[in-house]
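Enquirer: no sequence for this one, just the structure:
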């Protein structure tokens, strides 16, 4: 964990320095692994806005010039939204929507735009204490913005009723929210805001599709995404890129994936975007037994984008409630039990799958006969579809 203020944690696990002057994009292995060149033929995320709730976003880096909509942040939560003393929020914004200008990080959704929000971290000056908006107010502001997606690459160990209410409010406004599950490994506890209902929890994998050792094992994991060896700014001086690892960059990649899909299907709702990403996630385990390491599998927006006949399902039914036929819009006003936790040896998902697979090197279950995995072989990135619908009622069980 990099930065802490009270219980707020910036959810990156580690850093290794590299020069900012070099072209960093060859180190972005996950772009090849996810088939970015093909993805960008279908969608770049254009027209979609992502709220980045983090340590602020430096809008002046070469890769983010013209990408950050500072003027869309309301004054009530705008304090130093475009300043980043940590480098973390800027790194997340670049992973999502960087243009790659100047040899910087190129985002998975380079056509998307960023709305920045600054939640205070330990790297901020003590003289600014009390001037930053609290997380609940920031989430509400993001909910009232034009952003379709809210990225929260942050984590903390305890729930807060105001934050939970803000998350429900954002869900009622049709926002799709992603948060890092935490970097405390197999014996750690899942972090908030990822644990809140309506927030999609993201774990981290390496190049092979295997869960990273630091990624928290949890019944609240929904997706996995690359989170090891991801280039990002070393600190708030913006002079060097580092190889970072954590559920933070994994979360940003998940948010970018959703932006790509929403851009290609602008009439879809958050529920439909999420459902198609769940249906196409890479996994080698039964879809009704989500892994406590990798959730429903590796997020693979390419599979959604290339399928011209994909069925997004109902517009107003959360796919993680769908098995009960629950109307998500009706449920957003329900008060969740934030103290609910799985008992020893029992999955909170109710699937009896208390551990689950640790690798998402999923095989193709469709026609064609070829079998490939997440791993890059030579220059080829191979990610094949695993279809299926009707996911387990994860979010409903979270409130049980």
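Expert: It's in. As the structure is a prediction and not an experimental result, all values here were calculated from the model. Residues are numbered from 1 along each chain as shown.
Enquirer: going forward, measure contacts between C-alpha atoms and count neighbours the same way
Expert: Noted.
Enquirer: ok now do the residue most central in space within the chain, which residues does it touch?
Expert: Closest to where the C-alpha atoms of the chain average out (CA atoms, centre = their mean) is residue 251, at 2.5 Å. Taking CA atoms under 8 Å, 6 or more residues apart in numbering as the criterion, residue 251 is in contact with 151, 152, 153, 178, 179, 180, 201, 202, 203, 225.
Enquirer: next: residue 285.
Expert: For residue 285, the contact set (CA under 8 Å, 6+ apart) comprises 291, 357.
Enquirer: am I right that it sits in a helix?
Expert: No. Counting by DSSP: H, G, I helix; E, B strand; the rest coil, residue 285 is not part of a helix but coil.
Enquirer: let's see the pLDDT reported for the residue nearest to the centre of the chain.
Expert: pLDDT, residue 251: 98.
Enquirer: which is the next helix or strand following the helix or strand that contains it?
Expert: Assigned by DSSP states H and E, residue 251 belongs to helix 247-264. Moving toward the C-terminus from helix 247-264, the next helix or strand (DSSP H and E) is helix 270-279.
Enquirer: and the next helix or strand past that next one?
Expert: Remark: after helix 270-279, the chain's next helix or strand is helix 301-305, criterion DSSP H and E.
Enquirer: residue 210 contacts residue 293, doesn't it?
Expert: No. If you go by CA atoms under 8 Å, residue 210 and residue 293 don't touch, sitting 9.2 Å apart.
Enquirer: between the two, what contacts are shared?
Expert: residue 358.
Enquirer: of those two, who's got more company?
Expert: Using other CA atoms under 10 Å, the more surrounded residue of residue 210 and residue 293 is residue 293, with 35 against 22.
Enquirer: that one - nearest residue in space that isn't next to it in sequence?
Expert: In this structure, residue 293 finds its nearest non-sequential neighbour in residue 217, 5.0 Å apart by CA to CA, 6 or more residues apart in numbering.
Enquirer: just checking, residue 310 touches residue 280?
Expert: No. With contact defined as CA under 8 Å, residue 310 does not count as touching residue 280 (9.8 Å).
Enquirer: in terms of neighbours, single out the busier of those two.
Expert: The neighbour count for residue 310 versus residue 280, taken as other CA under 10 Å, is higher for residue 280 (24 against 14).
Enquirer: that one contacts residue 304, correct?
Expert: Yes. The pair residue 280 / residue 304 is scored as a contact, 6.7 Å apart, by CA under 8 Å.
Enquirer: so how far is the helix holding residue 251 off the chain centroid?
Expert: 6 Å (CA atoms, centre = their mean, to the nearest Å).
Enquirer: where does this protein dip in pLDDT?
Expert: Where the chain drops to pLDDT under 70, the residues are 1-22, 321-356, 359-400.
Enquirer: which residue ranges of it form helices?
Expert: Assigned by DSSP state H, the helices in the chain fall at 29-33, 36-42, 88-97, 135-143, 161-172, 247-264, 270-279, 301-305, 328-331, 394-398.
Enquirer: quick check: buried residues in the fourth one?
Expert: For helix 135-143, a neighbour-count test (16 or more other CA atoms under 10 Å) marks 135, 136, 137, 138, 139, 140, 141, 142, 143 as buried.
Enquirer: that helix packs against which elements?
Expert: strand 49-54, helix 161-172 (3 or more CA pairs under 8 Å, 6 or more residues apart in numbering; DSSP states H and E).
Enquirer: tell me which residues are up against that helix.
Expert: 51, 53, 73-74, 77, 117, 119, 150, 162-167, 169-171, 173, 175.
Enquirer: from those, keep the buried residues only.
Expert: By 16+ other CA under 10 Å, the contacts of helix 135-143 give 51, 53, 73, 77, 117, 119, 150, 163-167, 169-171, 173, 175 as buried.
Enquirer: check contacts around the nearest residue to residue 260 once chain neighbours are set aside.
Expert: With CA to CA, 6+ apart as the criterion, residue 260 has its nearest non-adjacent residue at 4.3 Å, and that residue is residue 45. Residues in contact with residue 45, defined by CA under 8 Å, 6+ apart, are 109, 110, 111, 112, 256, 259, 260, 261, 262, 263, 264.
Enquirer: please apply the same query to residue 311.
Expert: residue 276.
Enquirer: measure it to residue 276 for me?
Expert: 7 Å (CA to CA, to the nearest Å).
Enquirer: okay, and the common contacts of the two?
Expert: The contact sets of residue 311 and residue 276 do not overlap (CA under 8 Å, 6+ apart).
Enquirer: if residue 205 is in a bridge, with which residues?
Expert: Using DSSP bridges, the beta-bridge partners of residue 205 come out as residue 211, residue 226.
Enquirer: wait, it sits on residue 223?
Expert: No. In this structure, residue 205 is not within contact of residue 223 by CA under 8 Å, at 10.3 Å.
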